[in-house]
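Undergrad: For reference, the sequence and a predicted model appear below.
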There are 4 protein chains.
Amino acid sequence: MKNARPLPSYLVQRYQGWKATTFAENHIWYRRLAEDGQRPRAMIVSCCDSRVHVTSIFGADSGEFFIHRNIANLIPPYKPDGDLHGTSAAVEYAVTALKVAHLIVIGHSQCGGVAGCHAMCSGKAPELEEKSSFVGRWMDLLRPGYEKVADMTDDAQAIRTLEHEAVKISLSNLMTFPFVREKVEADEMTLHGLWTDIGEGGLSQYIPEIDAFEPI
Amino acid sequence: MKNARPLPSYLVQRYQGWKATTFAENHIWYRRLAEDGQRPRAMIVSCCDSRVHVTSIFGADSGEFFIHRNIANLIPPYKPDGDLHGTSAAVEYAVTALKVAHLIVIGHSQCGGVAGCHAMCSGKAPELEEKSSFVGRWMDLLRPGYEKVADMTDDAQAIRTLEHEAVKISLSNLMTFPFVREKVEADEMTLHGLWTDIGEGGLSQYIPEIDAFEPI
Amino acid sequence: MKNARPLPSYLVQRYQGWKATTFAENHIWYRRLAEDGQRPRAMIVSCCDSRVHVTSIFGADSGEFFIHRNIANLIPPYKPDGDLHGTSAAVEYAVTALKVAHLIVIGHSQCGGVAGCHAMCSGKAPELEEKSSFVGRWMDLLRPGYEKVADMTDDAQAIRTLEHEAVKISLSNLMTFPFVREKVEADEMTLHGLWTDIGEGGLSQYIPEIDAFEPI
Amino acid sequence: MKNARPLPSYLVQRYQGWKATTFAENHIWYRRLAEDGQRPRAMIVSCCDSRVHVTSIFGADSGEFFIHRNIANLIPPYKPDGDLHGTSAAVEYAVTALKVAHLIVIGHSQCGGVAGCHAMCSGKAPELEEKSSFVGRWMDLLRPGYEKVADMTDDAQAIRTLEHEAVKISLSNLMTFPFVREKVEADEMTLHGLWTDIGEGGLSQYIPEIDAFEPI
């Protein structure tokens, strides 16, 4: 691998600032975490979006949250076919090895992946339909949610609904994993669906009884 | 999806604290980011590990870094077969849609995924060899790195070397993506390999000329 | 203009060093900033003083801060009389064209402009009272602050207080600009007053509730 | 002044990082600078643009450069009428009080102020012609330069030429200040005109003999 370059100096400076402050203040705990291992209370599945950092929203201390981030915070259904399944591996590790108490899926407003799915399903983004489009094939996971919004004439409303569907579909797919279902039914782990509004700083949670998201 | 539960109250409280402080201080910028979209400077591929938050190490402001987190910060090789490839989708979106300037892969010490791979390859974890093991199949990506450490008698040293290999293999696999290779060769994006020591707060970077990691 | 000279070679060397290192590391991002334009998060009004570089204190990445620097970080009141108002032009551009989220005024210790104002107002610098003194006429902006320190017998204390007044008067004058007031009242931009101690590396911020500066 | 707000926490963190690293390493020199005063070698007049930080390009140590930043790095002609002249005050202080050895004016590519001047002079931005436009009135300083580009059909070329004119006009205006002319003619201070290309990292300097900018 001959193409790697040195880290840009502005990141070196920021790292050194972190080392001299945050790390210095917490080094005893960090050493302990290194020696004794992590014991996170929850797994959070979030989007890669640069505007949604759950470490900030939930004031994450080091060691608290096991965080998987992918496009549109999607979890595929259980499919133990021997192929690569990065998201399923993360879920498996969190649930069976780390034994997290909570598994939280958090969606967000202005999600580029969800908007792309909406464009694809409504025929406006044929390039996403191509076999070679990784984003398109990944967003196929959300395709079942499109039927709920296909008739909506207001695109903004349709996309927001689809952002909510992304969370709901992920939660449903989670329950197809035997080790998840077993833990949930044995009351050894709880599932949570959230959605955050970037511009408003809002946070809603999915309430099964009304099949809707309510502000916290 | 009838199994979702309300968010634990300690997280509700933390969210409300964030809303009243960090969000309140920054809400004008967050609204702007919501309206104008993200323009992150870099994509960072990191582990899900609860002890490694690059948002902290690099003092990430909202909107700066597009972050994908999976087990052991691995990137699979390019394989446009129409199947699900969540990591490849994240890379594709960052490189082709967001046009990030840097793509940074960061590994870390005490990586459970890497230790699992070492155990699997050395015959100590047969359960990871099973077809149904998502973690095992995901860690197959690192299997080529095991040959470098197979003869090491010191497990700690072998695992550390394998953690470095995870970064190097990811960087190499990145170059199998046509849209990555094209950008790198056209000098429109740079690749970076890092490794952080949790207990020491250290940060090393991969230097191709010596094929090794050097402390920053 | 026949008097321009070649750049001193020590600056040529430093520039070439920057080009080969910082620029080289960041050139992809710089090219992107050139093509897509700047989107700074904040405007900072600082002194010209060679000992106060906010780019260093706040680890400024390229593109983050729109920086106006003048003598004693002063902002005059709104006066749309068709004359030249360089500072007002900078504020207007930042607020109306760039739509910055924050407007930060930062003063500092050992400010030569503020000390000159104190000398002028206490009768010790008659040359600054002359019509032709640009510094004197510019420091007239701070003259209203002198009444707060006129009775102080300790010059050092008086000058420090006047340095704080320079920040407060600038913030007050900012609110006389209709486009600033409108944004502040609509919660679309926030104002911040800071003061830094050169020798101690301290940073204080103005707290309106107590009408005083408190260390950060 | 009741509208000031606390500094956003991401800036507090960055400041604390700077204090613990850059300041800590340099505190003896900083204390000396605080006690003995500044003795900058040069004054630099630069644009407020967030993408042009001469502190970075010239690797500025604390205490080296007295920096004035305004829109489009313009210096008005000498006009001792007793009115406010912030830029003239900065020049006066640097030349007569600090006795800088060099006075450097640096322009740059993609300058929003210069582009606005071009739009105004070519009739495309009538709002900038209004008496109340601070940016428009400030850019009047560059209006004499427009005649050189009025006939150019390529806007990009015209604006680049006008960016160069901004530097040349500032240098010419500088010579209308008696205290500047005197120093220059007595060989006690030199003037320098520069222009930097943001995307290319280039630096050119004005060569009077050929009345043009040449790359360094």
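TA: Now that the structure is in, tell me what you want to look at. None of the values given here were measured: they were computed from a predicted structure.
Undergrad: Bridged to residue A:47, which residues?
TA: Applying DSSP bridges to residue A:47 gives these bridge partners: residue A:70.
Undergrad: ok, how many other residues are close to it?
TA: 28 (other Cβ atoms under 10 Å in any protein chain shown). C-beta: built from backbone N, CA, C; applies to glycine.
Undergrad: That one and residue D:98, how far apart?
TA: 52 Å (Cβ to Cβ, to the nearest Å).
Undergrad: Residue A:66 looks like it's in a helix, true?
TA: No - counting by DSSP: H, G, I helix; E, B strand; the rest coil, one finds residue A:66 to be strand, located in no helix.
Undergrad: Could I get the contacting residues of it?
TA: A:38, A:40, A:42-44, A:90, A:93-94, A:98, A:100, B:48-50 (Cβ atoms under 8 Å, 6 or more residues apart in numbering or on different chains).
Undergrad: which residues does it bridge with?
TA: If you apply DSSP bridges, the partners that residue A:66 bridges to are residue A:43.
Undergrad: Which residue ranges of chain A form strands?
TA: Along chain A, the segments classed as strands by DSSP state E run A:42-47, A:65-70, A:102-108, A:190-197, A:202-207, A:212-215.
Undergrad: To residue D:19, which of these lies closest?
TA: strand A:65-70 (29.0 Å; Cβ to Cβ).
Undergrad: now the residue nearest to the spatial centre of chain A: how far from residue B:21?
TA: Among the residues of chain A, the one closest to the centroid is residue A:46, at 2.1 Å (Cα atoms, centre = their mean). When distance is defined by Cβ to Cβ, residue A:46 is 21 Å away from residue B:21.
Undergrad: Now for the residue in chain A positioned nearest to chain D: which residues touch it?
TA: Residue of chain A nearest chain D, by Cβ to the nearest Cβ: residue A:17 (2.1 Å). With contact taken as Cβ under 8 Å, 6+ apart, residue A:17 is in contact with B:59, C:59, D:13, D:14, D:16, D:17, D:18, D:20, D:21.
Undergrad: Using JSON lines, lay out those residues together with pLDDT.
TA: Shown next, in JSON lines, are the contacts of residue A:17 (pLDDT from 0 to 100):
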{"residue": "B:59", "pLDDT": "90"}
{"residue": "C:59", "pLDDT": "90"}
{"residue": "D:13", "pLDDT": "93"}
{"residue": "D:14", "pLDDT": "94"}
{"residue": "D:16", "pLDDT": "95"}
{"residue": "D:17", "pLDDT": "95"}
{"residue": "D:18", "pLDDT": "95"}
{"residue": "D:20", "pLDDT": "95"}
{"residue": "D:21", "pLDDT": "94"}
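Undergrad: Among those, which ones are in helices?
TA: Using DSSP state H, the subset of the contacts of residue A:17 located in helices is D:13, D:14, D:16, D:17, D:18.
Undergrad: how close does the closest residue to residue A:128 other than its chain neighbours get to residue B:40?
TA: Sequence neighbours aside, residue A:136 is the residue nearest to residue A:128 in space, at 3.5 Å (criterion: Cβ to Cβ, 6 or more residues apart in numbering or on different chains). Residue A:136 is 21 Å from residue B:40, where distance means Cβ to Cβ.
Undergrad: same question, residue A:166
TA: From residue A:166 to residue B:40 the distance is 21 Å (Cβ to Cβ).
Undergrad: and if you look at residue A:11?
TA: Taking Cβ to Cβ, one finds residue A:11 at 13 Å from residue B:40.
Undergrad: List the buried residues for the helix of greatest length in chain A?
TA: In terms of residue count, the longest helix belonging to chain A (DSSP H) is helix A:155-174. Residues A:158-174 are the ones in helix A:155-174 that count as buried (16 or more other Cβ atoms under 10 Å in any protein chain shown).
Undergrad: cool, and stretch A:204-216?
TA: A:204, A:205, A:206, A:213, A:216.
Undergrad: Without its sequence neighbours, what residue ends up closest to the first one?
TA: The shortest distance from residue A:204 to any non-neighbouring residue, by Cβ to Cβ, 6+ apart, is to residue A:213 (3.9 Å).
Undergrad: Mind listing the residues bridging to that neighbour?
TA: Going by DSSP bridges, residue A:213 forms beta bridges with residue A:206.
Undergrad: quick one, what contacts it?
TA: Residues near residue A:213 by Cβ under 8 Å, 6+ apart: A:164, A:167, A:193, A:195, A:204, A:205, A:206, A:207.
Undergrad: In CSV: the residues you listed, plus pLDDT.
TA: Output for the contacts of residue A:213, formatted as CSV (pLDDT from 0 to 100):
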residue, pLDDT
A:164, 98
A:167, 98
A:193, 98
A:195, 98
A:204, 98
A:205, 98
A:206, 98
A:207, 97
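Undergrad: What is the nearest of those residues to residue D:125?
TA: The nearest one, if we look at those relative to residue D:125 and count by Cβ to Cβ, is residue A:195, at 42.5 Å.
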